[in-house]
Structures are given as C-alpha cells and as structure tokens.
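Engineer: Fold the following and give me the result.
(4 chains)
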4 protein chains.
Amino acid sequence: MKELDVAHLQRRLADFAAARDWQPYHTPKNLATALSVEASELVEIFQWLTPQESERVMDDPDTAHRVTDEVADVLAYLLQLCEVLDIDALAALDAKIDRNEKRFPVPGTD
Amino acid sequence: MKELDVAHLQRRLADFAAARDWQPYHTPKNLATALSVEASELVEIFQWLTPQESERVMDDPDTAHRVTDEVADVLAYLLQLCEVLDIDALAALDAKIDRNEKRFPVPGTD
Amino acid sequence: MKELDVAHLQRRLADFAAARDWQPYHTPKNLATALSVEASELVEIFQWLTPQESERVMDDPDTAHRVTDEVADVLAYLLQLCEVLDIDALAALDAKIDRNEKRFPVPGTD
Amino acid sequence: MKELDVAHLQRRLADFAAARDWQPYHTPKNLATALSVEASELVEIFQWLTPQESERVMDDPDTAHRVTDEVADVLAYLLQLCEVLDIDALAALDAKIDRNEKRFPVPGTD
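Structural biologist: Now for the predicted structure:
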C-alpha cells in the first residue's frame, strides 16, 4: 500500500529536484516566489466567478482537474520551501491554530 | 501523544471556522484569494534579500518565527480550500510528481 | 501649477531611490516581486468582502485611504520597473488595447 | 498625433469593457484580484533568474515582448480599478512620494 504522508512527499520532491540539478534555483527566495505565483494561478481560475459559481467549480471535470493541479503545485513549493528552511509545516500550523484559538475566542464562551 | 497529520489539522481548522460562524466567508474564491495573500506575505520577507541572504533567513529568531508563521497561514488556507472543495491535497501532489517525472525526464536516463 | 504626468512621477521615484542608495535593491526581479506584494496588499482589503460590499469600499474614509495608498504603491513599483527596463508603460497599454480589440471583437459587429 | 495620457487610456479601457458588457465582472474586488494575478504573471518571468539575469531580461525580443505585455496588463487593471473607485492614481502616487520623503529622510540631511 502506498505511503502518503507529508514526509514521504517532501522526500520525493527533494529527490526529483536533485536528480535534475535544480537545487541551485531552489533558494528560499525563489521557492517562496514560485509558491506565490502558483497561488495566483489558482486564484486565476476563480477571478471572474461569483461566490456562488466558485462553490460549483468542481462540477466541471476540466476545471476540477485544473484546480487540483494548482493545489498540488502550491503544496509542492510550500513543502520544498519547508525542506530547505527546515520548517515542520504541520507543527507550524498546529501551533498557529493554538495561538488563533486564544486570539479569536469563540463568542459566548470563556 | 499528539496526532499531527493533515486530516487532523483539517478537522481542527474546520471546527475553528464553524465555532466562529466563518463558513459564509469561506467560499472557494475567498479561500484561494486569502491563500495568495498569505503567500505574498511570505514573499515580502524575502523581497529585498539577495539569494544568499535568503538562505540565512532562519538565523534570526524573529525572522524565523515570521517565516514559520506565514508558512502556517499558507497551509491553513490551502487545507481549508481543499476541505470545501473535497480535494485530497497529498494525493494531488503525489499524482503531480508522477506526471512531472514523465514531463521532465532525468537527463542521461531512459 | 503642479505637473502630474507619468514621466514626472517616474523622475521623482528615481531621484527618491537614488538619494537613498536603494538602486542596488531595485533589480527588475525585486521590483516585479515588490509590485506583486503590493498588489496582494490591495487584494487583502477586499478578500472577505462580498462583490456588493467591495463596491462601497470608498465609503469609509479609513478604508478609502488604505485603498488609495496601496494603489499608489502598486503604481510606484510598476513605474520603477518600467524605468529600469526602459519600458513605456502607456505605449505598452495602448498597444495592448489595440491587440485586445482584435482578439475580443464586439458581438454583433464586423 | 496620438494622445497618450492616463485619462485617455482609462477612457479606452472603459469603452472597451462597456462594448463587451463586461462591467458586471468588474467589481472592485475582481479588478484588484485580476491585478494581482497579472502582477504574478510578471513575476513568473523572473522567478528562476538570478538578480544579474533579471537585469538582461529585455535582451531577448520574445521575453521583452512578454514583459511589456504583462506590464500593460497590470496597468490596465490598475486603471480600471481606479476608474470604478474614482481614484486619481497619479495624485495618489504624488501624495505617497511626499509622505515617503518624510518617512525616509535622506541620510545626512535634515
């Protein structure tokens, strides 16, 4: 059975780049920039849609494929950036949610 | 021991948004846009750095914290977008690496 | 009376950067990146608004100031990029509209 | 002789959109988003270049054309956004430079 966790994908991405001698291009600055370019390609799919149309974006197979592909590209650069900077993305998010729970308390609780 | 996988974080993010009645704001269009805004906040840290300076961005604790925080924000919106669109981000990336291995063959192999 | 055309503003921006020895930072790559970061700061103002709310963004003086300020930042980096690359932005846009008029003919004409 | 100022181009863009019934798509939110998408397409040209390579981006005619075209697209959406929000982009930038001259005094002067 296929192992599919973040560490495994990060390893595949690192091997992929190394096999093609792409590491010199993969400075943190370039990877962050590439991440933002891919994020904008994702936004481009939605840019002229109404909020309601954007809810149905997966109904069309071609658009669904395009969205999924851009999601993959964003994640690819995010994980490669985390690899070169030695950041644990999941731990970073977990800690951020902890902080946000304090920063934005649920109304009516405390 | 703390479970720290993508599905768990996605659940925490969904619960967090639901508890604050933020779902109406979380259209796919808005989440994709917020993702790109966070990606740019990450880029902002690097924008005036040389490639070499960008390699050392984690040496300063304050900058390291800022980078880690923006990584968390990008991942948060990416996972929330995947949640509302029912996209498996890890499977999407795995499939994308498969395609890229065909698209960019390693020089000197085949 | 104050002269307020693109060439004059481009000159002010160049003098401003030169007086502060900022030209080494103003590579085309960095200026394009800074432009995109400022464009995202503009988007951030709109990211959770409905289309209708976005129409009324200038009604609140503080938000109006923020929008105007981000517009200025985007234009500043665009003009500085054009300066270092020797691009005439107005001529580029004029030529682009010409091309778009052919690419997107008005329905019911020809 | 061709008149080529910002007001004239803004008029051409407004007529162009009106003739194609595109105004419903041109909410401030969508125009700001489209602006950021075009800014990222400009960045994409530079993303893997060294600072030095980015200085020579206009040497290749095809790349020069692509850069000029993306500059036009960014300016087009910026002017359309200013049109719908009734912002004077040149006055905004002029005022911003005034503020920046106070915010970033030239070293050794006062």
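
Engineer: With residue D:36 as the reference, measure out to residue A:49.
Structural biologist: Residue A:49 sits 16 Å away from residue D:36, going by Cβ to Cβ, to the nearest Å. In short, each C-beta sits where N, CA and C put it, glycine included.

Engineer: Compare neighbour counts for the two and give me the winner.
Structural biologist: Using other Cβ atoms under 10 Å in any protein chain shown, the more surrounded residue of residue A:49 and residue D:36 is residue D:36, with 33 against 18.

Engineer: Surely the more buried one is in contact with residue A:40?
Structural biologist: Yes: counting by Cβ atoms under 8 Å, residue A:40 is a contact partner of residue D:36 at 6.4 Å.

Engineer: intersection of neighbour lists for those two?
Structural biologist: B:36, C:36 (Cβ atoms under 8 Å, 6 or more residues apart in numbering or on different chains).

Engineer: of all the residues in chain A, which ones are close to chain C?
Structural biologist: Contacts of chain A with chain C, taken as Cβ under 8 Å from any Cβ of the partner chain, map to A:33, A:36, A:40, A:50-51.

Engineer: Now secondary structure too, for the residues you listed, in CSV please.
Structural biologist: What follows is these, written out as CSV (DSSP: H, G, I helix; E, B strand; the rest coil):
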residue, secondary structure
A:33, helix
A:36, helix
A:40, helix
A:50, coil
A:51, helix
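
Engineer: Distance to chain D and pLDDT for the residues you listed - can I get that in a markdown table?
Structural biologist: Converted to a markdown table, the residues of chain A next to chain C look like this (distance: Cβ to the nearest Cβ, whole Å; pLDDT from 0 to 100):
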| residue | distance to chain D | pLDDT |
| --- | --- | --- |
| A:33 | 5 | 98 |
| A:36 | 6 | 98 |
| A:40 | 3 | 98 |
| A:50 | 9 | 98 |
| A:51 | 10 | 97 |
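
Engineer: hmm, which two among these are most spread apart?
Structural biologist: A:33 and A:50 (30.3 Å; Cβ to Cβ).

Engineer: With neighbour numbers in mind, choose between those two.
Structural biologist: Per other Cβ under 10 Å, whichever of residue A:33 and residue A:50 has more neighbours is residue A:33, with 30 against 16.

Engineer: Excluding sequence neighbours, find me the nearest residue to the more buried one.
Structural biologist: Of all residues not flanking residue A:33 in the chain, residue D:47 sits nearest, at 5.0 Å (Cβ to Cβ, 6 or more residues apart in numbering or on different chains).

Engineer: which ones are touching that neighbour?
Structural biologist: Taking Cβ under 8 Å, 6+ apart as the criterion, residue D:47 is in contact with A:30, A:33-34, A:37.

Engineer: The same query, at a cut-off of 6 Å, please.
Structural biologist: A:33-34, A:37 (Cβ atoms under 6 Å, 6 or more residues apart in numbering or on different chains).

Engineer: can you check residue A:51 too?
Structural biologist: The neighbourhood of residue A:51, defined by Cβ under 6 Å, 6+ apart, consists of B:27, B:29.

Engineer: Low-confidence regions, chain A specifically.
Structural biologist: A:1-3, A:109-110 (pLDDT under 70).

Engineer: Tell me the residues of it that contact chain B?
Structural biologist: With Cβ under 6 Å from any Cβ of the partner chain as the criterion, chain A meets chain B at residues A:4, A:9, A:12, A:19, A:27-29, A:32-33, A:35-36, A:39-40, A:42-43, A:46, A:49, A:51, A:54, A:57-58, A:68, A:71-72, A:74-76, A:78, A:85, A:87, A:89-90, A:92-94, A:96-97, A:106.

Engineer: Narrow those residues to those in helices?
Structural biologist: Residues of the residues of chain A next to chain B located in helices (DSSP state H): A:9, A:12, A:19, A:28-29, A:32-33, A:35-36, A:39-40, A:42-43, A:46, A:51, A:54, A:68, A:71-72, A:74-76, A:78, A:85, A:89-90, A:92-94, A:96-97.

Engineer: Now restrict those residues to buried residues only.
Structural biologist: A:9, A:12, A:28-29, A:32-33, A:35-36, A:39-40, A:42-43, A:46, A:51, A:54, A:68, A:71-72, A:74-76, A:78, A:85, A:89-90, A:92-94, A:96 (16 or more other Cβ atoms under 10 Å in any protein chain shown).

Engineer: what's around the nearest residue to residue A:73 once chain neighbours are set aside, how many residues?
Structural biologist: Once flanking residues are discounted, residue A:73 sits nearest to residue A:38: 4.1 Å by Cβ to Cβ, 6+ apart. Using other Cβ under 10 Å as the criterion, residue A:38 is surrounded by 25 other residues.

Engineer: Now do the contacts for residue A:38.
Structural biologist: Residue A:38 touches A:73-74, A:77, counting by Cβ under 6 Å, 6+ apart.

Engineer: and if we set it to 8 Å?
Structural biologist: Here residue A:38 is in contact with A:70, A:73-74, A:76-77 (Cβ under 8 Å, 6+ apart).

Engineer: Quick one: those residues as CSV, columns for distance to residue A:62 too.
Structural biologist: As requested, these are exported to CSV (distance: Cβ to Cβ, whole Å):
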residue, distance to residue A:62
A:70, 13
A:73, 17
A:74, 19
A:76, 21
A:77, 23
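
Engineer: Distance check, residue A:10 against chain D.
Structural biologist: Using Cβ to the nearest Cβ, to the nearest Å, we find residue A:10 at a distance of 21 Å from chain D.

Engineer: doesn't residue A:83 make contact with that residue?
Structural biologist: Yes: judged on Cβ under 8 Å, residue A:10 makes contact with residue A:83 at a distance of 5.4 Å.

Engineer: quick one, what contacts the closest residue to chain C within chain A?
Structural biologist: Nearest residue of chain A to chain C, counting by Cβ to the nearest Cβ: residue A:33, 6.1 Å away. Going by Cβ under 8 Å, 6+ apart, residue A:33 touches B:43, B:46, C:33, D:43, D:47.

Engineer: Please list the residues of chain A that sit near chain D.
Structural biologist: Contact residues (Cβ under 8 Å from any Cβ) of chain A with chain D: A:25, A:30, A:33-34, A:36-37, A:39-41, A:43-44, A:47-48.

Engineer: try it again with 6 Å
Structural biologist: A:25, A:33-34, A:37, A:40, A:43-44, A:47-48.

Engineer: what would these look like in TSV with distance to residue D:101?
Structural biologist: Output for those, formatted as TSV (distance: Cβ to Cβ, whole Å):
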residue	distance to residue D:101
A:25	38
A:33	30
A:34	35
A:37	33
A:40	32
A:43	34
A:44	37
A:47	36
A:48	39
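
Engineer: from the residues you listed, which single one is nearest residue C:102?
Structural biologist: Of all these, residue C:102 sits closest to residue A:48, with 21.1 Å by Cβ to Cβ.

Engineer: With adjacent residues omitted, what lies nearest to the residue positioned nearest the centre of chain A?
Structural biologist: In chain A, the residue lying closest to the centroid (Cα atoms, centre = their mean) is residue A:75, at 3.0 Å. Closest residue to residue A:75 apart from its sequence neighbours, by Cβ to Cβ, 6+ apart: residue B:93 at 4.9 Å.
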